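Visitor: task: produce atomic coordinates for the following.
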Amino acid sequence: MALTLYGLPAILINTHTALAQVDPDIVEAGMGQGMTDGQVMRRIRFRYPCPWVFAGIRTGAVQIVSAASWRPHRRRRLGRAGSRPAWAR
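Guide: Here you go, the predicted structure:
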């Protein structure tokens, strides 16, 4: 649970930034072609920022994996998990 919360800010920040950066001229062009509000949302506002949203998911996943792998390594170096490394047992 804590690791999920650790990776969540990167996902939310990238998603918010991506949705805020959609060019208003593209949205206006879609409305000018007769798209409904739902079509504009699906075809323009959600489609164009997808690369940035997935970049946020990828960044969050990297943060989660690095935090999950760092913690056991730190405990082992402090001597709490035994005197020898796990690979030497």
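Visitor: from P51, how far off is the residue nearest the centre of the chain?
Guide: Nearest to the mean C-alpha position of the chain, counting by Cα atoms, centre = their mean, stands I57 at 2.3 Å. I57 is 11 Å from P51, where distance means Cβ to Cβ, to the nearest Å. For the C-beta atoms, the positions are set from N, CA and C on the backbone; glycine is no exception.
Visitor: quick one: low-confidence parts of the chain?
Guide: Residue ranges of the chain with pLDDT under 70: 70-89.
Visitor: now the strands for it?
Guide: Under the criterion DSSP state E, the chain contains no strands.
Visitor: quick revisit: apart from its chain neighbours, what residue comes closest to the residue nearest to the centre of the chain?
Guide: Sequence neighbours aside, I11 is the residue nearest to I57 in space, at 5.6 Å (criterion: Cβ to Cβ, 6 or more residues apart in numbering).
Visitor: is it true that the one you found touches A55?
Guide: No - using Cβ atoms under 8 Å, I11 makes no contact with A55, being 9.6 Å away.
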